[in-house]
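K.L.:
need the 3D shape of this:
(chains A and B)
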Protein chains: 2
Amino acid sequence: MNKLLIVGTVAFDSIETPFGKAEKILGGSAPYIALSASKLGVPTSIISVVGGDFTPSYLEMLHEHQIETAGIQIVKEGKTFFWKGKYHTDLNNRDTLVTDLNTLSDFQPIVSETDKNAPFLMLGNLHPTIQMQVIEQLPKRPKLIVLDTMNYWMEHSWDELMAVLKKVDVVTINDSEARQLSGEYSLVKSAQKIQEMGVKYVVIKKGEHGALLFHKNEVFFAPALPLEEVFDPTGAGDTFAGGFTGYLARTEDISFENMKRALIFGSNLASFCVEKFGSERLQTVTEKELEERLFQFKQLTQFDIELEKS
Amino acid sequence: MNKLLIVGTVAFDSIETPFGKAEKILGGSAPYIALSASKLGVPTSIISVVGGDFTPSYLEMLHEHQIETAGIQIVKEGKTFFWKGKYHTDLNNRDTLVTDLNTLSDFQPIVSETDKNAPFLMLGNLHPTIQMQVIEQLPKRPKLIVLDTMNYWMEHSWDELMAVLKKVDVVTINDSEARQLSGEYSLVKSAQKIQEMGVKYVVIKKGEHGALLFHKNEVFFAPALPLEEVFDPTGAGDTFAGGFTGYLARTEDISFENMKRALIFGSNLASFCVEKFGSERLQTVTEKELEERLFQFKQLTQFDIELEKS
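P.N.:
Numbers count the residues shown, from 1 in each chain, chains lettered A, B, ... in the order given. All right, here's what the predicted structure looks like:
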């Protein structure tokens, strides 16, 4: 079994979009990553922390998706990480209104014996020191380590981030963060500089404009599916990363050609995520729906031009 | 011969980018459209106007590219349309510093007898009344009419724009303009509304984020090639439209499947345009270079996923 081990946040999110509000729903990077991978049939296990206030039915829902939650520490006297944000009319920008780290501020990840040999590891966006602590607990290097990060760690924990980047295979990062990390405006140059930091593959997420995968001189682009309605973009990046990593775990093939397919699967899953609040749509999406949308991705991107042999 | 008739501006441009300045170089929509189509071997003819101050060597250069310029009226006592702009650091935004319409303000397009039967017509961004005057001079409807427009005409000549939109097959427009024209934020909904205005195909240009082609329920996406360096984006949209229309003229095939290929050819040509000031790079690009980059477009976008038959 190609288990995917996931380290990330589990949170309560309060979200306001132009279309409505949701209060204290399931959030954090880990549930999105895990649900996305689970939709591809990949067994996952989450390492995270919540407080005594966490909703048990959320854990049950994750269980029903074959997601192992024993690694989610429950700090009884603590409160669950809470994020509150409000999206602008265009949904491309949002204001963070509240970030209460709560139990997350003292989080010490513990990798259980059963999780220690997981061949695939996804390090969701967290303090780079926590990401490193997880890698250091593994007796054997996983076949593939994917890391997600954000601008906050570039500003506050540069050295720790540089150290953990050297230990991973793939980094997923959004376009403005890639520019900030590299100091280069061109995404091609950004990806080159980030590879020089020690990462082999760079995935740059551009939201509604799709995602780019870079490795040495190779580039691949997966568009986002043009949608009539985007309801809530929260978690789309994590869903994308979970679909990408999940597909690689399912196929046990980490070649660049297969990463192309993985990028399309990630984009496919993300296109469902944004259709409802939080992870609601991701929970209900069926294999048939994924297959139908995969057909749309082919229609959207595949063309037939014969190249002359020169 | 599938001649492409082009109506558009011919201008002097003064451009400032973060990389340098160029003074009074060849600009306007028509030269970019024509040069782009000429690189695909398509004979073109330009209908436009310039002043007595226009540089004769620019006309010679166009001639050398098999571009007919007899339809460019030279108003001896007048001055050539002049545009001056300055790009911001990210090259995605620019400030227009000067727009002197000069001879363009009294322009009356005249379609010569030899141009009247051109099977393909590209109406570059101009007053919709001028675009309509060209259509009205044609004894027989061309096989395909492509129209480009901009926000200015939506704000100042709405009724005239609506009238001409009903007469064309394809509109090319950028994303913010599509939103303005339709009143819809979603580009999928924008394209639907624009089709309801009487246009059959809607091409939405997203600059460095590529371009979308919509027709009924079909969508196709051509990315922009990720480049190490973008030097000057001036004319990229016109180059894209010229490559798109030129490819359709060359192949005499206006099916949706062929429009997919045309979109890729447009994006290919645009990727060269931005590498130097104005149309400089477009003038020198060779068939071999286009072919090599076409290979890059395939690498960038083509993937191999088998769909299960359900």
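K.L.:
what about whichever residue of the stretch 51-200 of chain A sits closest to chain B, helix or strand, and which?
P.N.:
As assessed by Cβ to the nearest Cβ, chain B sits closest to A:Val188 within the stretch 51-200 of chain A, at 4.6 Å. Where you see a C-beta, it was placed from the backbone N, CA and C, and this is true even at glycine. Assigned by DSSP states H and E, A:Val188 belongs to helix A:187-196.
K.L.:
return the distance of the helix or strand just after that helix from the chain's centre.
P.N.:
Per DSSP H and E, the first helix or strand lying C-terminal to helix A:187-196 is strand A:201-205. Mean-position distance between strand A:201-205 and its chain equals 11 Å (Cα atoms, centre = their mean, to the nearest Å).
K.L.:
next, the angle from strand A:201-205 to helix A:187-196.
P.N.:
140 degrees (axes from the mean of the first three to the mean of the last three Cα atoms, to 10 degrees).
K.L.:
next SSE downstream of strand A:201-205?
P.N.:
For strand A:201-205, the following helix or strand on the C-terminal side (DSSP H and E) is strand A:211-215.
K.L.:
quick check: neighbours of that following strand in the sheet, parallel or antiparallel?
P.N.:
strand A:201-205 (antiparallel), strand A:218-222 (antiparallel) (DSSP bridges).
K.L.:
for the ones you listed, which one ends up most surrounded?
P.N.:
strand A:201-205 (a mean of 26; mean count of other Cβ atoms under 10 Å in any protein chain shown).
K.L.:
which residues touch that strand?
P.N.:
A:169-175, A:178, A:187, A:190-191, A:194-195, A:211-215, A:237, A:240-241, A:244, A:259, A:263 (Cβ atoms under 8 Å, 6 or more residues apart in numbering or on different chains).
K.L.:
please pick the buried ones from those.
P.N.:
A:169-175, A:178, A:187, A:190-191, A:194-195, A:211-215, A:237, A:240-241, A:244, A:259, A:263 (16 or more other Cβ atoms under 10 Å in any protein chain shown).
K.L.:
any idea how far the most centrally placed residue in chain A is from chain B?
P.N.:
Geometric centre of chain A, nearest residue: A:Asp238, 2.6 Å, by Cα atoms, centre = their mean. Using Cβ to the nearest Cβ, to the nearest Å, A:Asp238 is found at 22 Å from chain B.
K.L.:
on that earlier part again, distance between the helix holding A:Val188 and the chain's centre?
P.N.:
Its chain's C-alpha centre and that of helix A:187-196 lie 20 Å apart, by Cα atoms, centre = their mean.
K.L.:
burial measure for A:Gln299, as a count.
P.N.:
14 (other Cβ atoms under 10 Å in any protein chain shown).
K.L.:
does it lie in a helix or a strand, and which?
P.N.:
Judged by DSSP H and E, A:Gln299 forms part of helix A:287-301.
K.L.:
now do A:Ser45
P.N.:
strand A:44-51.
K.L.:
direction included, what does that strand pair against?
P.N.:
Strand A:44-51 has these strand partners (DSSP bridges): strand A:4-7 (parallel), strand A:67-68 (parallel), strand A:72-75 (parallel).
K.L.:
now that strand: mean pLDDT?
P.N.:
Strand A:44-51 carries an average pLDDT of 98.
K.L.:
in the helix or strand just after it, what counts as buried?
P.N.:
Using DSSP H and E, the helix or strand that follows strand A:44-51 in sequence is helix A:56-64. Residues of helix A:56-64 classed as buried by neighbour count (16+ other Cβ under 10 Å): A:58-59, A:61-62.
K.L.:
helices of the stretch 101-250 of chain A, residue ranges please.
P.N.:
Using DSSP state H, counting those that start in this stretch, the helices of the stretch 101-250 of chain A run over residues A:128-136, A:151-156, A:158-165, A:175-182, A:187-196, A:236-251.
K.L.:
still on that earlier bit, turn the strands paired with strand A:211-215 into TSV, including mean pLDDT and distance to A:Gln302.
P.N.:
Supplementary listing: the strands paired with strand A:211-215 in TSV, determined by pLDDT from 0 to 100; distance: least, Cβ to Cβ, whole Å:
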stretch	mean pLDDT	distance to A:Gln302
strand A:201-205	98	21
strand A:218-222	98	12
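K.L.:
can you list the weak-confidence ranges in chain A?
P.N.:
A:1, A:308-310 (pLDDT under 70).
K.L.:
so which bits of it are right by chain B?
P.N.:
Taking Cβ under 8 Å from any Cβ of the partner chain, the part of chain A that reaches chain B is made up of A:89-90, A:185-189, A:206, A:209-210, A:212, A:218-221, A:223, A:226-230, A:257, A:260-261, A:264, A:288, A:291, A:294-295, A:298-305, A:307-308, A:310.
K.L.:
let's go with 7 Å and repeat that
P.N.:
Residues of chain A that fall close to chain B, judged by Cβ under 7 Å from any Cβ of the partner chain: A:90, A:185-189, A:209, A:212, A:219-221, A:223, A:226-229, A:260-261, A:264, A:288, A:291, A:294-295, A:300-303, A:305, A:307-308, A:310.
K.L.:
relative to B:Leu123, how far out is the closest residue to chain B within the stretch 101-250 of chain A?
P.N.:
Taking Cβ to the nearest Cβ, chain B has its nearest neighbour within the stretch 101-250 of chain A at A:His209, 4.2 Å off. Distance, A:His209 to B:Leu123, by Cβ to Cβ, to the nearest Å: 28 Å.
K.L.:
next one: A:Glu68
P.N.:
For A:Glu68, the distance to B:Leu123 equals 61 Å [Cβ to Cβ].
K.L.:
with neighbour numbers in mind, choose between the two.
P.N.:
B:Leu123 (30 against 20).
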